[in-house]
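Undergrad: The following comprises the amino acid sequence and a computationally predicted model.
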Amino acid sequence: MTGSSDISVLICRLLLPAGRDLLAAEGYELREGGLDVTAERLRDLAPGCAAIVADPTVPIGPDLLDAAGDDLRVVANFAVGYDNVDLDACRERGVVVTNTPGVLTNATAEIALGLTVATARRAHEAEDLLREGRWTGWDPGAMLGLELSDATFGVIGMGRIGRRYAELIRPLAGELLYTSRSGNPDAEEALGAIKVELEELLERSDVVSLHAPGGEATRHMIAAAELERMKGHAVLVNTSRGTLVDSSALAQALQAGEIGAAGLDVFENEPRVPQELLDAPRCVLYPHIGSATHTSRDGMASLAARNAIAVVSGDEPLNPVA
Ligand code: DGY
């Protein structure tokens, strides 16, 4: 498809946090594809657009789909996760849903690795000590943390990002345990990963890293009972979705010293972070920056745009999820 058309595409967000113009990336591809770009915030949604390029902070449900009207053909989510999209409501209305797998795998696994090291070695606590002028000098007993070499790592969810995280920590890990719905023979062969039940993984791991998708099926898969199973020094890392963890139970486990530390990049009701987590000891908190690299966000913008173009052009989407 070349030249402009009267098909409009709604992009939910104009600016990337770094100040880079998302429209420049997505809009370029969309214009190449011959589509007019209506860069409006979602609340300004007017009926008649053929595609919505949404991001994971935008809930796409029946009301919004009905407001968009019959011209809507595709919701191209600007994320690999799509728990913000009501897939059934889209299917019922014949609206295709796509995501952006692959292009953010490295960036997200790297943040999980960073959180793992930062939490295990109490890096933020130590930096606060220094910045706040409380550091009185080298002390053989101060800021002792968990050594990661030869630690047992537990990876919950061995999809693309879990697999990449496992690859990154493999040189450090002693045992590498994982859970996954379908199993990952490649990770077993290439990385020596061992598939176990969730309970066993929690009981044996020194580091537990979450890489399962969000949604009802995984909601609060880590709650009080699961935290109780973890070792007293164990570190919990979550770069997947905040809904996987019962944050109240986690805050209590940290307060009670039931687990060693937690590193979180995602929260249940972003951007709200529960006060009890802010108050919890040994808890490192990042503002959902897993995929926040230039490479990753450019790739996501491009994939989202190409998916939208494909569907409104009558072609097969690259990354359909519904
Ligand atoms: C995703 O793509 O699902 C991420 O959470 C966005 O960073």
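TA: Received the coordinates, thanks.
Undergrad: number of nearby residues for residue 288?
TA: When neighbours are defined as other CB atoms under 10 Å, residue 288 has 18 of them. C-beta: built from backbone N, CA, C; applies to glycine.
Undergrad: Pull the contacting residues for it.
TA: By CB atoms under 8 Å, 6 or more residues apart in numbering, the residues touching residue 288 are 265-267, 270-271.
Undergrad: For residue 55, see how far away it is.
TA: Shown here: residue 288 relative to residue 55, a distance of 11 Å by CB to CB, to the nearest Å.
Undergrad: How about residue 298?
TA: Shown here: residue 298 relative to residue 55, a distance of 15 Å by CB to CB.
Undergrad: Residue 205 against residue 229, yeah?
TA: No - here residue 205 lies out of contact with residue 229, judged by CB atoms under 8 Å, at a distance of 9.8 Å.
Undergrad: Of these two, which one has the most company?
TA: Comparing residue 205 with residue 229 by other CB under 10 Å, the one with more neighbours is residue 205, at 27 against 19.
Undergrad: tally of neighbours for the residue nearest to that one when sequence neighbours are not counted?
TA: Nearest residue to residue 205 in three dimensions, chain neighbours excluded: residue 154, at 3.2 Å (CB to CB, 6 or more residues apart in numbering). Counted with other CB under 10 Å, the neighbours of residue 154 add up to 28.
Undergrad: The helix or strand in which residue 154 is found - what's its average pLDDT?
TA: Assigned by DSSP states H and E, residue 154 belongs to strand 153-156. If you average the pLDDT over strand 153-156, you get 98.
Undergrad: Partner strands of that strand and their direction?
TA: Strand 153-156 has these partner strands in its sheet, going by DSSP bridges: strand 176-179 (parallel), strand 207-210 (parallel).
Undergrad: Tell me the helix or strand right after it.
TA: helix 160-169.
Undergrad: would you turn the contacts of residue 288 into JSON lines with secondary structure and distance to residue 123?
TA: JSON lines is the format used below for the contacts of residue 288 (DSSP: H, G, I helix; E, B strand; the rest coil; distance: CB to CB, whole Å):
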{"residue": "265", "secondary structure": "coil", "distance to residue 123": "15"}
{"residue": "266", "secondary structure": "coil", "distance to residue 123": "19"}
{"residue": "267", "secondary structure": "coil", "distance to residue 123": "20"}
{"residue": "270", "secondary structure": "coil", "distance to residue 123": "23"}
{"residue": "271", "secondary structure": "coil", "distance to residue 123": "23"}
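Undergrad: What backbone torsions are found at the residue nearest the centre of the chain?
TA: Relative to the mean C-alpha position of the chain, the nearest C-alpha, by CA atoms, centre = their mean, is the one of residue 240, at 3.7 Å. Recorded main-chain torsions at residue 240 are phi -100, psi -80, according to degrees, to the nearest 10.
Undergrad: Quick one: buried ones out of the contacts of residue 288?
TA: The neighbour-count test (16 or more other CB atoms under 10 Å) applied to the contacts of residue 288 identifies 265-267 as buried.
Undergrad: Which positions in this structure make contact with the ligand?
TA: 56, 79-81, 104, 290-291 (CB under 6 Å from any ligand atom).
Undergrad: Just among these, which is most surrounded?
TA: Comparing the residues of the chain next to the ligand on neighbour count, residue 291 comes out first with 27 neighbours (neighbours: other CB under 10 Å).
Undergrad: ok now do the closest residue to it other than its chain neighbours, which residues does it touch?
TA: With sequence-adjacent residues excluded and distances taken as CB to CB, 6+ apart, residue 291 is closest to residue 104, at 3.8 Å. Listed by CB under 8 Å, 6+ apart, the contact set of residue 104 reads 79-80, 161, 290-291, 296, 299-300.
Undergrad: Now secondary structure and pLDDT too, for those, in a markdown table please.
TA: As requested, these are arranged in a markdown table below (DSSP: H, G, I helix; E, B strand; the rest coil; pLDDT from 0 to 100):
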| residue | secondary structure | pLDDT |
| --- | --- | --- |
| 79 | coil | 95 |
| 80 | coil | 97 |
| 161 | helix | 98 |
| 290 | coil | 98 |
| 291 | coil | 96 |
| 296 | helix | 92 |
| 299 | helix | 88 |
| 300 | helix | 89 |
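Undergrad: Which pLDDT does the model give residue 20?
TA: Residue 20 is assigned a pLDDT of 48 by the prediction.
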